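A.B. asks: How does the following fold in three dimensions:
(one chain, ligands or ions: 1)
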Amino acid sequence: MKKSNPLYQQFDNQLKSIAILIDPDEYTTLENLLKLIDLSISAKIDYFMVGGSLITKDTQQLIIHTIKHNCEIPVILFPGSSMHIDVEADGILFLSLISGRNPELLIGQHVSAAPLLKRSNIEVLPTGYMLINGGNDTSVSYMSGTTPIPADKNSIAIATALAGQLLGMKLIYMEAGSGANIPVSPSMIQAVKDEIDCPLIIGGGINTKEKAKQAFEAGADVIVIGNAIEKDPNLLIEVSHLVDNMNRELLNIH
Ligand code: 1GP
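C.D. replies: Below is the predicted model:
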C-alpha cells in the first residue's frame with residue numbers, strides 16, 4: 001500500500017505556496033546548496049522542485065540527498081524524462097505536456113516510468129503541464145518539440161486546462177519557461193483559475209516580488225521560482241513575506 005496523499009492535500013489547502021526550482025545543471029558547490037537550503041528554511045518555502053528539461057550533469061541525486069538530510073521541506077521531482085526519477089524524493093509532478101502534441105510527453109515517458117513509480121514510495125501528482133509563450137525561445141519548448149500556447153489566447157489555455165482536469169489531472173501547471181522574458185499573464189491566470197477546480201501552479205520568469213504578487217492575486221496557488229533566486233536571494237524573503245500576508249488574510253488572521 002502506498003502512503004496517503006500528504007503532498008496533494010498540501011497543494012489543495014486553498015493557501016498560497018512557494019516552490020523553489022533547483023535545476024541540477026545549475027549546481028555549483030555544496031556550500032551554495034546548503035546556503036540555499038538555509039535560506040529556504042528561514043523563508044519557510046513550501047516545496048523544493050528538482051529537475052529540468054535537459055539534465056547533463058549527474059548532480060540530481062546529490063542535491064536531493066542533501067536537501068533530505070538538511071530539512072523537512074518536501075522534494076518534488078520535476079522530470080524532463082523517465083530517466084530523472086529518484087526514489088529519495090517525496091513526490092513527482094507526473095507531467096503530461098497537454099499544450100503540446102508530442103506523444104512521448106503526453107503518455108510515452110509515463111509508460112516507462114510507471115512500474116518504477118508503482119514500486120516506490122514517491123507520491124505521484126498527475127499534472128497537466130502547459131507551456132505558454134513567454135516572449136523568447138525556451139529550453140523546454142525546444143527540448144519538447146512543442147509550440148507554446150500564444151500568450152494572448154486565453155480561450156486556448158482555458159480549453160486545454162479543462163481538458164486536463166476532465167482527464168483526471170490533479171494539478172495544472174502553466175509555464176512560461178525558465179528565464180522567460182514575460183511570465184504567464186495575470187489575465188490568463190485568472191481566466192484559467194475561474195474555470196478549473198484544481199490547484200494552479202505558475203512558473204517561468206517570475207523574478208520580482210511584484211510579478212509574484214500579480215500571479216498570486218490573479219489566482220495562482222503555487223508559484224515556482226528558479227533563476228531569480230540565484231541572482232537575488234533576498235527575493236525569496238520578500239516573496240515569503242508576501243505569501244505570509246496573503247495567507248493571513250485568507251485565514252482571516254490579523
Ligand atoms: C521553470 O517555472 C520554472 O520550469 C521556473 O522558471 O527559472 O524563470 O524562475 P524560472
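A.B. asks: Could you check stretch 28-43 and say which residues are buried?
C.D. replies: Using 16 or more other CB atoms under 10 Å as the test for burial, stretch 28-43 gives 33, 36-37, 39-40, 43. In this view, the C-beta of every residue, glycine as well, is placed from N, C-alpha and C.
A.B. asks: Can it be said to contact the ligand?
C.D. replies: No: Stretch 28-43 is not in contact with the ligand by CB under 6 Å from any ligand atom; minimum separation 13.6 Å.
A.B. asks: longest helix in this structure, by residue count?
C.D. replies: For the chain, the longest helix by residue count, based on DSSP state H, is helix 234-251.
A.B. asks: Contacts only, for the most centrally placed residue in the chain.
C.D. replies: Centroid-nearest residue in the chain, with CA atoms, centre = their mean: V224, separated by 5.1 Å. Taking CB atoms under 8 Å, 6 or more residues apart in numbering as the criterion, V224 is in contact with 19-21, 49, 173, 201-204, 206.
A.B. asks: out of these, who's near the ligand?
C.D. replies: 21, 203-204, 206.
A.B. asks: Out of those, give me the one that has the most neighbours.
C.D. replies: G204 (29 neighbours; other CB atoms under 10 Å).
A.B. asks: For that one, which non-adjacent residue is spatially closest?
C.D. replies: A176 (3.2 Å; CB to CB, 6 or more residues apart in numbering).
A.B. asks: Look up how far V50 lies from L242.
C.D. replies: For L242, the distance to V50 equals 24 Å [CB to CB, to the nearest Å].
A.B. asks: again, but for V224
C.D. replies: Counting by CB to CB - V224 and V50 are separated by 12 Å.
A.B. asks: chain center to the longest strand along the chain: distance?
C.D. replies: As assigned by DSSP state E, the longest strand anywhere in the chain is strand 123-131. Strand 123-131 has its C-alpha centroid displaced from the chain centroid by 9 Å (CA atoms, centre = their mean, to the nearest Å).
A.B. asks: Tell me which strands it pairs with, and in which orientation.
C.D. replies: strand 91-97 (parallel), strand 171-175 (parallel) (DSSP bridges).
A.B. asks: could the ones next to the ligand among the contacts of V224 be laid out in JSON lines, adding distance to T127, secondary structure and pLDDT?
C.D. replies: Listed next are the ones next to the ligand among the contacts of V224 as JSON lines, based on distance: CB to CB, whole Å; DSSP: H, G, I helix; E, B strand; the rest coil; pLDDT from 0 to 100:
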{"residue": "L21", "distance to T127": "14", "secondary structure": "strand", "pLDDT": "97"}
{"residue": "G203", "distance to T127": "12", "secondary structure": "strand", "pLDDT": "98"}
{"residue": "G204", "distance to T127": "15", "secondary structure": "coil", "pLDDT": "97"}
{"residue": "I206", "distance to T127": "18", "secondary structure": "coil", "pLDDT": "98"}
